[in-house]
Structure formats: C-alpha cells, structure tokens
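Undergrad: Just a sequence and a predicted model for now, questions to come.
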Amino acid sequence: MEKTLVLIKPDAMVKHLAGNVISDLYGTGLKMIGLKLVNVQRELAEQHYSEHKGKPFFEKLIEHITGKLHGNENVIAIAYEGEDAIKKVRNAAGKTHPEEADYFTIRGKYGRHVSSTNCFENVIHASDSPESGKREIALWFDEDELINQS
C-alpha cells in the first residue's frame, strides 16, 4: 500500500475550493488516513521544498505555501493510502502547470497563472514518488495523527 501527501494550498483556501478538491480526490477510491489544517511557517515550508533550495523559484514556492501571496497562511494537509496512491492522486491533480493541465483535473479546473504575483496557482501539492510521500507525510504529520489502515 502506497501513501501520499496532498496539500490544499493557500490559493485554493482563499477561493473556498477545499471541499471541491476533497470531493474530487474522493473519486480516487483511496483511504484518507490523516487530515489537518496547518498554519505553515517558513521552517516547515523550507523542509518541504528542500530539493528546490538554491533554485530561482525557491523563494516564490515558500511565499506561496506560507500564504504570503494570498493573505491566508492556512493549508489543509491530507495523507492518503491505497494501491497506486501516487499515480491516482497525480492523475486527479493534473499537470503541475495549470495551463497545461487537462480541463477535468483539479489543476485544470481551478488553477491559473496570476501575472501580478507571477505565481502559478496550482491549487494542490501531490507527492511524486513513494519515497517523497513517506518523507512528506512524516514532515506534516506526527505518527499518532494518522489512522492505521494497513
């Protein structure tokens, strides 16, 4: 059984899309094993995006996930478990760049590029591998916050 992390980002929270995103993800058939509202601080954001440190877009990622670009610092973190969890969530999410995402995916329906902040509002983060899923869930959840489904 794979585990994956989904973050409903501040741009989705500001637009009141959390329920729509969770509903869309329900269709994957995966088990939700953890869910919480997080006020993301810089330290957590930097740990989450550590593989991008030093890249030109790193600071924009930090500003986005901490809510500085949207006047809202809240993120919903969700841990899912199930067969092919990574693939199922990433298929539901669509391509990272919202303007390239299929119209029926989460990012295709709700994402956009905002020229005033030069930010790609892609609504959610989804783990890209079983290894990153495990690492990310451990960053965002304490062991006792997860329901053991296995």
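TA: Yep, that arrived.

Undergrad: where along this structure do the strands fall?
TA: 2-8, 31-39, 74-82, 112-114, 119-121, 124-126 (DSSP state E).

Undergrad: buried residues in the second one?
TA: Going back to what we said before, that points to strand 31-39. Residues of strand 31-39 classed as buried: 32-35 (neighbour count, 16 or more other C-beta atoms under 10 Å). The way it works is simple: take the backbone N, C-alpha and C, and place the C-beta from them, glycine included.

Undergrad: go on, stretch 105-114?
TA: In stretch 105-114, counting by 16+ other C-beta under 10 Å, buried: 105-111.

Undergrad: ditto for stretch 126-146
TA: Under 16+ other C-beta under 10 Å, the buried positions of stretch 126-146 are 126-127, 132-133, 135-137, 140-141, 146.

Undergrad: Stretch 89-109 too?
TA: In stretch 89-109, counting by 16+ other C-beta under 10 Å, buried: 89-90, 92-94, 96, 98, 101, 105-109.

Undergrad: Inside helices: which ones of the residues you listed?
TA: 89-90, 92-93, 106-109 (DSSP state H).

Undergrad: Please pull out the lowest mean pLDDT helix or strand from this protein.
TA: strand 112-114 (a mean of 73; mean pLDDT, DSSP states H and E).
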